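[1] Whatever this is, show me its structure:
(one chain, ligands or ions: 1)
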Amino acid sequence: MKPNILLIYTGGTIGMMKDPETKALRAFDFSQLLVHIPEIKQLDCHIEPYSFEYPIDSSDMNLEEWRKLGDVIYTNYDDYDGFVVLHGSDTMSFTGSTLSFMFENLTKPIILTGSQLPIGDLRTDAKENLITSLQLAIQNNNGIPIIQEVCIYFEYQLYRANRTTKINAEHFEAFSSPNYPPLAISGVHLNIDTSLLWERKLVDPSLQVNSTAFAKAESKISTREEDNRMNYRPDFVDAVVVLKLFPGITEEVVKSICNIKGLKGIILETYGSGNALTQSWFIHLLQEALLKNIRIVNVTQCKGGAVSMGKYETSTQLMKIGVVSGKDITTEAALPKMMYLLQHTKTREDFKEYFETSLRGEITDSID
Ligand code: ASP
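    Next up is the predicted model:
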C-alpha cells in the first residue's frame, strides 16, 4: 500500500508565479501543482493537494489561520499517513511551534516547507524542498511513520520545528536550529538521525489533570485512558505580548505594556543568559503584573544558549519575584507555548512547572 500524503498549501512564495503581464508574484492554481512539478508523480505515494481558499502571505498568520490549518490536519488525520504544509518562510517557525503544541501525542509527520524563490523561477529552491519533504513524510518502518513530530524542512536540513528560527531573508539556508541538531540531512542519501527524533510522552496538562497527575505523567505513568491517541488541542489564549528589552527602555513603555487591558502573559526577551535592568521601577512593574496574575517568561535575545536565572545579579531579582525561565526555548516557540498553557493551566505553579518542562522537545529538560 502506498502512503497517502495530504499536501496543504497555506500561501507563501513557494506557490507563487509571476503574472506574465503585470510581473507581480501571485498564488498559482494549486490544483495545477502536478503540471508545475511533474517530478512528484515519480514518488512512491499518493499525494492529495489541498489549498487554503485564500492563500496568505505568512506575515498575515494569526490564531484564526492556525486554527484553520490545525482543523484541516485534524479532520484528515485518520485518512493520511503524513502531512506536508507549504507555508511562507517568514513566520514558519511560529506556525510549526504552534502545531507542535496543538497536536499532543502525534503519531504522524507534519512537515512544513517553503522556498525563497517561487516555484516558477528557474533557480527555485522550491522543488528540492517540496520533493524531499514529501520523501521524508513517507519514511516508515512496516507502515509506522518514522517521523512523528512537527518539522521544518529547508535547504537540505530537517529540523524540529519548535527549535527553529528564520535567520536569513536572502540565502537559501533560511533557517537555523541553534539549540538542537538537525534531525536529518539530505545529501546523496537521506540521513535521518533517529536518536534525535521526538519520543512521545504524555506530559501536558488537561482540563482534568492536576499537578499530582503531572508528577505521575513525568515519571511516564500516564493517568490517561487514551494513551496512544493523538489529542487535538486547538484552543489558545491570545492576550500575550513580547517585550524585548533594549538599553534605554523607559518606565513609560514598560508600564503601558503591563497595563494592557486583559493581558495574560508577557514573553520577556532579556539579554544574554536572562539578564535585565535592575532599576527598581522595572522590577516593581513586573511584580505588579505578576500580582495581577499575568504570567511572565524570561527568554533570551541570543540566538543560541539558555536563560540561567541567578547566574548574574541582574537576573536574580527576576527569579525571586516569580518570573518563569524559558531556558533555551526560542521566542517563536515560547509564544505559542504560553498561549497554550494559559488555556490549559489554572495556577501559577502549574504554569511554571509545565513551561519549564519539555512538552514537545522545545526545551532542553536538563537545563536548571
Ligand atoms: N513573505 C513570504 C511569506 O512568508 C516569504 C516566503 O514565502 O518565504 O509568506
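
[2] rest of the way, CA atoms for contacts and neighbours
    Will do.

[3] closest point of the stretch 251-368 of the chain to the ligand, which residue?
    Nearest residue of the stretch 251-368 of the chain to the ligand, counting by Cα to the nearest ligand atom: Glu332, 14.3 Å away.

[4] ok, now which ones touch that residue?
    Glu332 makes contacts with Ser93, Phe94, Ser97, Asn162, Thr164, Thr165, as judged by Cα atoms under 8 Å, 6 or more residues apart in numbering.

[5] And those, which two are furthest apart?
    Maximum pairwise distance in the contacts of Glu332, criterion Cα to Cα, is 10.3 Å, between Ser97 and Thr165.

[6] For Thr314, identify the helix or strand it belongs to.
    Taking DSSP states H and E as the definition, one finds Thr314 inside helix 313-321.

[7] ok, which stretches of the stretch 51-200 of the chain are helices?
    63-75, 92-102, 126-137 (DSSP state H, counting those that start in this stretch).

[8] The longest one packs against which elements?
    Judged by 3 or more Cα pairs under 8 Å, 6 or more residues apart in numbering; DSSP states H and E, the packing partners of helix 63-75 are helix 92-102.

[9] what does the shortest one give?
    Contact partners of helix 92-102 among helices and strands, from 3+ Cα pairs under 8 Å, 6+ apart: helix 63-75, strand 150-154, strand 165-166, helix 331-344.

[10] can I get the CA coordinates of it in CSV?
    Output of helix 92-102 as CSV, limited to C-alpha atoms (Å, rounded to 0.1, in the frame of the first residue of the first chain):
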residue,chain,number,x,y,z
MET,A,92,7.0,29.3,9.5
SER,A,93,8.8,28.8,12.9
PHE,A,94,5.9,30.2,14.8
THR,A,95,3.4,28.0,12.9
GLY,A,96,5.5,24.9,13.3
SER,A,97,5.8,25.5,17.0
THR,A,98,2.1,26.2,17.3
LEU,A,99,1.2,23.0,15.5
SER,A,100,3.6,21.1,17.8
PHE,A,101,1.5,22.2,20.8
MET,A,102,-1.8,21.7,19.1
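
[11] tell me the angle that helix makes with helix 331-344.
    If you take axes from the mean of the first three to the mean of the last three Cα atoms, to 10 degrees, helix 92-102 sits at 30 degrees to helix 331-344.

[12] Please enumerate residues in contact with helix 92-102?
    So helix 92-102 is in contact with 58, 66, 70, 112, 149-152, 161-166, 232-235, 332-333, 335-337, 340, 359-360, going by Cα under 8 Å, 6+ apart.

[13] now those: which count as buried?
    58, 66, 70, 112, 149-152, 161-166, 232-234, 332-333, 335-337, 340, 359-360 (16 or more other Cα atoms under 10 Å).

[14] which ones are touching Pro234?
    For Pro234, the contacting residues are Arg67, Gly70, Met102, Phe103, by Cα under 8 Å, 6+ apart.

[15] Doesn't it lie inside a strand?
    No: looking at Pro234 with DSSP: H, G, I helix; E, B strand; the rest coil, it is coil, so not inside a strand.

[16] any idea how far the residue nearest to Gly304 when sequence neighbours are not counted lies from Gly11?
    Closest residue to Gly304 apart from its sequence neighbours, by Cα to Cα, 6 or more residues apart in numbering: Pro178 at 5.1 Å. Note on Pro178: its distance to Gly11, by Cα to Cα, to the nearest Å, is 26 Å.

[17] same deal with Gly274?
    Taken as Cα to Cα, the span from Gly274 to Gly11 is 36 Å.

[18] and if you look at Ser89?
    To Gly11, Ser89 is 10 Å away according to Cα to Cα.

[19] okay, those two: which has more neighbours?
    The neighbour comparison of Ser89 against Gly11 (other Cα atoms under 10 Å) goes to Ser89, with 29 against 26.

[20] What residues does the stretch 101-250 of the chain have near the ligand?
    Residues of the stretch 101-250 of the chain found near the ligand (Cα under 6 Å from any ligand atom) are Ser115, Gln116.

[21] hang on, Leu86 packs against Thr13?
    No: counting by Cα atoms under 8 Å, Leu86 does not reach Thr13; the two are 9.3 Å apart.

[22] Identify the contacts common to these two.
    Common contact partners of Leu86 and Thr13 (Cα under 8 Å, 6+ apart): Gly114.

[23] quick one: the nearest residue to Leu69 once chain neighbours are set aside from Lys68, how far?
    Among residues not flanking Leu69 along the chain, Thr10 sits closest, at 7.9 Å (Cα to Cα, 6+ apart). Going from Thr10 to Lys68 by Cα to Cα gives 10 Å.

[24] In terms of neighbours, single out the busier of these two.
    Neighbour comparison, Thr10 and Lys68: the larger count goes to Thr10, with 25 against 15 (by other Cα under 10 Å).
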